[in-house]
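Chemist: Fold the following, please.
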Amino acid sequence: MEKISMLEKAIKKSEKIVFFGGAGVSTESGIPDFRSADGIFMQETSIEHSPEEIISIDFFNKYPKQYFKFHFDKLVYPHAKPNIAHRFITKLEQQGKDVTVVTQNIDGLHQSAGNSKVLELHGNVQTNYCTHCKKVYQLEDISMDKDGIPRCLHDGHIIRPDIVMYGEALNSSVITEAITAIQNADMMIIAGTSLVVYPASTFVDFFNGETLAVINKTSLRTVRSDALIFEDYIGEVLNAIKL
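Modeler: Residues are numbered from 1 along each chain as shown. Below you'll find the predicted structure:
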């Protein structure tokens, strides 16, 4: 409980907080992660391609029907609800904290919870756009053809999710914003990420603030000698904090 008390005090003292979250933030909303034993990348597919191959721009362009079957089966969870981590951030904001969320997740749950400053490194399945005219569609407004491929109501071209697929570059302005927020923060909370995927793996190196906290079910590489490390479920840790 001593570490919980230290985390609680640090949060109350901090004014600018970066919450950097990975797939582990969303697993408590029933969305599987990618790399654990039960993760999406470990699951078998109905075709000979691996999940990592399917979630690539090359595969999307060549085999849109197969891509979208996987996309709607494995990447879209319309009934998922924000969990304690998302609501915790909302509460911090309500208390006047300047919180920037930097997320690797594509589910849009931070926005659903009312988190106001969200930087999505890999995009968001809730937002989609026509590959030809760029008209934007929200997930619930998409119409699909007989093959299950979303089609633009304006010109009939394919609508794609606004996510970063393998083989595509990350949005450099989002990365710049994330690094700036981390550099200016006096506290950084890392939750539910193994810190192995670039550029997320390098973000912690930009943090020079007072308190670094890490909440992850499995151990991570050494991030900082004075970091508060919790090898536990995010909900368990955050539930113990009294704001």
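Chemist: Now for Pro150, how many residues are close by?
Modeler: Here the count is done by other C-beta atoms under 10 Å, and Pro150 has 22 residues near it. All C-beta spots, glycine's among them, are computed from the backbone N, C-alpha and C.
Chemist: And for the one 3 residues further on?
Modeler: Taking other C-beta under 10 Å as the criterion, the count of residues near Leu153 is 12.
Chemist: residues in contact with Phe230?
Modeler: If a contact means C-beta atoms under 8 Å, 6 or more residues apart in numbering, then Phe230 has Lys3, Leu7, Ala213, Val214, Ile215, Asn216, Val237 as its contacts.
Chemist: Next secondary structure after the helix or strand harbouring the fourth one?
Modeler: So that's Val214. In this assignment (DSSP states H and E), Val214 forms part of strand 211-215. Next along the chain after strand 211-215, taking DSSP H and E as the criterion, comes strand 228-230.
Chemist: Who are the packing partners of the helix or strand following that next one?
Modeler: Beyond strand 228-230 on the C-terminal side, the first helix or strand identified by DSSP H and E is helix 234-239. The helices and strands touching helix 234-239, judged by 3 or more C-beta pairs under 8 Å, 6 or more residues apart in numbering; DSSP states H and E, are helix 84-94, strand 211-215.
Chemist: so of the ones you listed, which one's packed in deepest?
Modeler: Mean neighbour counts were taken over those using mean count of other C-beta atoms under 10 Å, and the top value, a mean of 23, falls to strand 211-215.
Chemist: so the residue nearest the centre of the chain is in which element?
Modeler: The C-alpha lying nearest the average C-alpha coordinate of the chain belongs to Asn105 (C-alpha atoms, centre = their mean; 1.8 Å). Taking DSSP H and E as the definition, Asn105 sits outside all helices and strands.
Chemist: Spatially nearest residue to it (excluding sequence neighbours)?
Modeler: Ser26 (5.1 Å; C-beta to C-beta, 6 or more residues apart in numbering).
Chemist: The one you found sits in which helix or strand?
Modeler: Secondary-structure element containing Ser26, defined by DSSP H and E: helix 23-27.
Chemist: swap in Glu177?
Modeler: Taking DSSP H and E as the definition, one finds Glu177 inside helix 172-184.
Chemist: Would you mind pulling the contact partners of that helix?
Modeler: Judged by C-beta under 8 Å, 6+ apart, the contacts made with helix 172-184 from elsewhere in the structure are 16, 18, 20, 100, 102, 117, 119-121, 188, 199, 203-204, 206-208.
Chemist: For the helix or strand hosting Ile190, which helices and strands make contact with it?
Modeler: Assigning secondary structure by DSSP H and E places Ile190 in strand 187-191. Helices and strands touching strand 187-191, as assessed by 3+ C-beta pairs under 8 Å, 6+ apart, comprise strand 16-21, strand 211-215.
Chemist: quick one: contacts of the first one?
Modeler: Counting contacts by C-beta under 8 Å, 6+ apart, the residues outside strand 16-21 that touch it are 11, 85, 89, 92, 97-105, 181-182, 184-193, 200, 203-204, 207, 209.
Chemist: related to what we said a few turns ago, need the contact list for the residue nearest to the centre of the chain.
Modeler: Contacts for Asn105 (C-beta under 8 Å, 6+ apart) come out as Gly21, Gly22, Ala23, Val25, Ser26, Ile31, Glu120, His122.
Chemist: how close does the third one sit to Asp73?
Modeler: By that I understand Ala23. Using C-beta to C-beta, to the nearest Å, one obtains 17 Å as the distance from Ala23 to Asp73.
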